[in-house]
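[1] this one's sequence-less:
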């Protein structure tokens with residue numbers, strides 16, 4: 001059902017003031033805003049409560065997951081709901097939420113300026129029992145920066161979990177495949193490139209040329225820091241065919 005209250009209008013106005021100058025784009029007419037870094041996204045959702053108002057959820061999404069919905073793989077901030085009573089009462093609350101969103105987006109950019117920073121962060125996090133994706137993402141990031149031993153350790157942790165659901169079986173099949181090729185950075189890079197390209201198509205995102213992936217290229221190249229040939233072949237210029245519009249699910 002469409003939001004007929006002033007809430008969406010007020011939130012949108014506040015978000016435009018704080019997020020648009022940072023380069024974020026709104027997803028259709030939704031409460032979602034995207035900070036596009038080609039192979040990962042900053043995701044901002046002004047979460048709707050059961051009654052009129054808004055909360056806030058900001059995080060990072062790794063596009064190598066190759067899914068057709070937005071997700072939060074690393075949380076930056078979650079704020080409980082501010083309820084709408086009147087426009088005068090809710091407007092300053094929406095402005096404060098939008099400012100918190102902008103600060104969280106900036107913090108994510110500073111935290112993850114390049115792939116090695118992502119790898120260091122993900123591989124150094126404490127092990128959390130029952131959080132399969134922690135090991136999955138850490139293993140991928142480690143393999144992409146050329147640390148196969150660390151990658152295999154994280155993939156092995158994924159494989160030790162009991163596969164209690166179909167999605168866990170699928171994740172373990174991927175982890176097993178990547179465990180076997182972890183020492184071949186070119187192969188892992190090509191795999192990640194295909195997954196990222198596919199995910200961008202599913203999300204209906206605009207093409208992201210190789211020039212926009214310079215952070216990865218500069219770190220996954222040879223000793224002189226130049227992009228590797230496999231990066232160009234694997235990541236190249238993404239094709240983009242919009243396949244979904246609005247109503248995206250958020251995976252927590």
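    Ah, there it is. For clarity, every value in this text was computed on a predicted model and none was experimentally measured.
[2] give the contact list for the closest residue to residue 42 other than its chain neighbours.
    For residue 42, the nearest residue in space outside its immediate sequence neighbours is residue 35; the separation is 3.1 Å by CB to CB, 6 or more residues apart in numbering. Any C-beta I mention is one placed from the backbone N, CA and C, and that applies to glycine too. Neighbouring residues of residue 35 by CB atoms under 8 Å, 6 or more residues apart in numbering: 22-24, 41-44, 105, 108-109.
[3] tally of neighbours for residue 88?
    The local packing of residue 88 (other CB atoms under 10 Å) involves 7 other residues.
[4] Sorry, slip of the keys, the one I care about is residue 77.
    As a measure of burial, residue 77 has 16 neighbours, counting by other CB under 10 Å.
[5] As a check, name the ranges of all strands in the stretch 51-200 of the chain.
    For the stretch 51-200 of the chain, strands defined by DSSP state E, counting those that start in this stretch occupy the ranges 53-62, 70-71, 74-83.
[6] Can you list the strands that the second one pairs with?
    Taking DSSP bridges as the criterion, strand 70-71 sits next to strand 250-251 (parallel) in its sheet.
[7] Likewise for the first one?
    Within its sheet, strand 53-62 is paired with strand 40-45 (antiparallel), strand 74-83 (antiparallel), according to DSSP bridges.
[8] in the stretch 51-200 of the chain, what spans have low per-residue confidence?
    Of all residues in the stretch 51-200 of the chain, none has pLDDT under 70.
[9] ok, which stretches of it are helices?
    Taking DSSP state H, counting those that start in this stretch as the criterion, the stretch 51-200 of the chain carries its helices at 87-111, 115-124, 132-144, 148-160, 166-181, 185-203.
[10] how far off helix 132-144 does the last one point, in degrees?
    By that I understand helix 185-203. Note on geometry: by axes from the mean of the first three to the mean of the last three CA atoms, to 10 degrees, helix 185-203 and helix 132-144 are set 130 degrees apart in direction.
[11] Next, the angle from helix 185-203 to helix 166-181.
    Put simply, helix 185-203 runs at 150 degrees to helix 166-181, going by the same axes, to 10 degrees.
[12] Now do helix 185-203: which elements does it pack against?
    Contacting helix 185-203 under the criterion 3 or more CB pairs under 8 Å, 6 or more residues apart in numbering; DSSP states H and E are the following elements: helix 132-144, helix 166-181, helix 229-235.
[13] go on, the shortest one?
    Contact analysis of helix 115-124 by 3+ CB pairs under 8 Å, 6+ apart lists helix 132-144, helix 214-220 as its packing neighbours.
[14] can you rerun that using 10 Å?
    Using 3 or more CB pairs under 10 Å, 6 or more residues apart in numbering; DSSP states H and E, the elements in contact with helix 115-124 are strand 53-62, strand 74-83, helix 87-111, helix 132-144, helix 148-160, helix 214-220.
[15] and for it, what are the contacting residues?
    Contacts of helix 115-124 from elsewhere in the structure, counted by CB atoms under 10 Å, 6 or more residues apart in numbering, are 39-40, 60, 62, 73-74, 110-112, 114, 134-147, 150-151, 153-154, 192, 213, 215-220.
[16] hang on, the earlier thing: buried deepest among the helices and strands packed on helix 185-203, which one?
    Neighbour counts averaged per stretch over those are highest for helix 132-144, at a mean of 24; criterion: mean count of other CB atoms under 10 Å.
[17] same for it, what does it pack against?
    Secondary elements touching helix 132-144 (3+ CB pairs under 10 Å, 6+ apart): strand 53-62, strand 74-83, helix 115-124, helix 148-160, helix 166-181, helix 185-203, helix 214-220.
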